[in-house]
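Peer 1: Following is a predicted model, sequence given first.
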Amino acid sequence: MAGLLAAVSASAQTGISQYPFCIQGVDNPGWSGCAFNTLQACQAAASGTEAECLANPWYQAGANAVSPPTPVGPIGANDPLPVGPPPN
């Protein structure tokens, strides 16, 4: 039973790690709404609802993907959310 649960958990995390942005709200509890390639697409889906868009902490860019630039200063209201886990 524990092995099955671990396998399901690992495959679920792999499934949500392919998109950099997630929508969270009443219709998408937890990290179930990680299906957006851009912040703008997520925000369009969240518009008019009680949902918000967040950077996916499990997102792993492919080997050929270009890494986003490292923010130099504080993040502004209209800046994209940083992708990935918080810096150390």
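Peer 2: Cool, got the structure. In this text, all values refer to a predicted model and were calculated from it rather than measured experimentally.
Peer 1: Would you map the helices across this structure?
Peer 2: 2-16, 39-46 (DSSP state H).
Peer 1: Which one of those helices has the poorest average confidence?
Peer 2: Ranked by mean pLDDT, these end with helix 2-16 at the bottom, a mean of 45.
Peer 1: could you give me the average pLDDT of stretch 25-34?
Peer 2: For stretch 25-34, the mean per-residue pLDDT is 87.
Peer 1: gap between the two ends of it?
Peer 2: 12 Å (CA to CA, to the nearest Å).
Peer 1: Pull out the buried residues from that stretch.
Peer 2: Applying a neighbour-count criterion of 16 or more other CB atoms under 10 Å, one finds Asn28, Trp31, Gly33, Cys34 buried in stretch 25-34. For glycine as for every other residue, the C-beta is placed from the backbone atoms N, C-alpha and C.
Peer 1: Save the residues you listed as TSV, and put in distance to Leu54 too.
Peer 2: TSV is the format used below for these (distance: CB to CB, whole Å):
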residue	distance to Leu54
Asn28	11
Trp31	9
Gly33	9
Cys34	9
